[in-house]
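coordinates for the following, if possible.
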Amino acid sequence: MASDISLWTAPAEGQLPVAGIDAALSTFSQVESSCTRFNPSSPLMRANDDPHLWHEVPETTYRALQEAYQAYDRTQGRFDPRVFGDLVRLGYDRSLPFETREVVTPNSDRAGRSLPVWHPQFRCGPPWMVHLGGLPIDLGGIGKGLAARWAAERLNGLLDAYLIDAGGDCICRGNGPDGNGWRVGVEDPCGGEEPLVVLELRDVACATSSIRLRQWCSGGRRVHHLIDPRTGEPGGSGLLAVTVVSEDPANAEVLSKSLFLSGREGISSSAHGSDVAALWVDSSGAASEARSLAPHVIWRRT
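Below is the predicted model:
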């Protein structure tokens, strides 16, 4: 997941169901082990080795691939997990030391390609069978949101109020410690100490797509991990970060990435046109909001 996973609970009577909580949070390690592309022996990578064939995979991998395809269909291809080859070509073929931000890779020729329509196939199990449709898959754009959703489903019968924070992607349930919801600060991608806004969230999720951390140098140019599937190149020209509030954490993750790829010139019309509760920050550091975000905002930096 490339991030810490934290759980916050509101005060409650009695002892916390620690065993159940641990089991719920183990969902993140289950999703990571079955859906990572950084372990060549993971079920996803075994399928990626020959995406032209049928493969038996664990149910977690099967469900994640189905969700990725549904997100692809829902966004009309703006979200497309077939950017695996583009990420590898640009040098993101391992868990890079992003804190240095100076990873140099020689293989940085531009893709110059267009992707065909994606037609994966699924056979409900057991055994759980998938056919990737001809190209390898990267589930990094939805996996964390799915893990948060599935962990929350296991927590719902155990806790009345909780917040899962997966590296800034959050799912909030119940009234929070003060009874009005959970307060979540949206960080400044330019590095400011104060958040840009503080959100008050109840029974919703939020996710941020940002290039603040995952940047590196490839062939003498700065690149990042948010790839536009239409070009095979880093997208979102003129933007630094996009935050989305949605009922579902996986949907919030997909929407934040899809909106980011609209770029500075297109994001306002995209966000308002689809009525997405979003905040975005352009390369000058200026923050803008869609009108649907306003009900969630309790503080803005001036």
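
after the host helix or strand of S258, which helix or strand is next? Please name it.
For S258, the element it lies in under DSSP states H and E is helix 249-260. Remark: after helix 249-260, the chain's next helix or strand is helix 263-273, criterion DSSP H and E.

now do the buried residues in that following helix.
263-264, 266-268, 270-271 (16 or more other CB atoms under 10 Å). In this view, the C-beta of every residue, glycine as well, is placed from N, C-alpha and C.

which one of those residues is nearest to A161?
For A161, the nearest member of those is A271. The distance, counting by CB to CB, is 29.3 Å.

ok, now which ones touch that closest one?
With contact taken as CB atoms under 8 Å, 6 or more residues apart in numbering, A271 is in contact with 259, 262, 278, 280, 290, 292.

10 Å instead, please
Taking CB atoms under 10 Å, 6 or more residues apart in numbering, we find A271 in contact with 242, 244, 255, 259, 262, 277-280, 288-293.

try S42
The contact partners of S42, taken as CB under 10 Å, 6+ apart, are 32-36, 48, 57-58, 61.

kindly report the same for S262.
The contact partners of S262, taken as CB under 10 Å, 6+ apart, are 78, 228, 235-237, 239, 242, 268-271, 280.

quick one: it and P11, what's the gap?
41 Å (CB to CB, to the nearest Å).

same deal with S246?
Distance, S246 to P11, using CB to CB: 27 Å.

can you pull the phi/psi pair for the spatially closest residue to P116 that is not a sequence neighbour?
Nearest non-adjacent residue to P116, counting by CB to CB, 6 or more residues apart in numbering: G134, 7.8 Å away. Dihedral pair for G134: phi 110, psi -20, per degrees, to the nearest 10.

test my guess that G134 contacts F84.
No. Counting by CB atoms under 10 Å, F84 is not a contact partner of G134; they are 11.9 Å apart.

which of the two has more neighbours?
F84 (23 against 14; other CB atoms under 10 Å).

give the next helix or strand downstream of whatever helix or strand that one lives in.
Element membership for F84, per DSSP H and E: helix 84-90. Next in sequence after helix 84-90, counting helices and strands by DSSP H and E, comes strand 121-123.

and that next one, what's its mean pLDDT?
The average pLDDT for strand 121-123 rounds to 98.

give the buried residues for it.
Buried residues in strand 121-123, defined by neighbour count with 16+ other CB under 10 Å: none.

listing partners with orientation, what would you give for it?
Here strand 121-123 is paired, per DSSP bridges, with strand 128-131 (antiparallel).

show the average pLDDT along the next helix or strand along the chain from the partner strand.
Sequence order places helix 143-155 as the next helix or strand after strand 128-131, per DSSP H and E. For helix 143-155, the mean per-residue pLDDT is 97.

what helices or strands is helix 143-155 leaning on?
Helices and strands touching helix 143-155, by 3 or more CB pairs under 10 Å, 6 or more residues apart in numbering; DSSP states H and E, are strand 5-9, helix 18-35, helix 59-74, strand 162-166, strand 169-173, strand 204-210, helix 249-260.

CSV please, covering the ones you listed and showing distance to L90, mean pLDDT and mean neighbour count.
CSV is the format used below for the helices and strands packed on helix 143-155 (distance: least, CB to CB, whole Å; pLDDT from 0 to 100; neighbours: other CB atoms under 10 Å):
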stretch, distance to L90, mean pLDDT, mean neighbour count
strand 5-9, 27, 95, 16
helix 18-35, 21, 97, 17
helix 59-74, 20, 98, 20
strand 162-166, 25, 97, 22
strand 169-173, 23, 97, 25
strand 204-210, 17, 97, 24
helix 249-260, 16, 98, 27
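
reformat these as a markdown table; add distance to V223.
Formatted as a markdown table, the helices and strands packed on helix 143-155 follow (distance: least, CB to CB, whole Å):
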| stretch | distance to V223 |
| --- | --- |
| strand 5-9 | 27 |
| helix 18-35 | 23 |
| helix 59-74 | 23 |
| strand 162-166 | 24 |
| strand 169-173 | 22 |
| strand 204-210 | 15 |
| helix 249-260 | 14 |
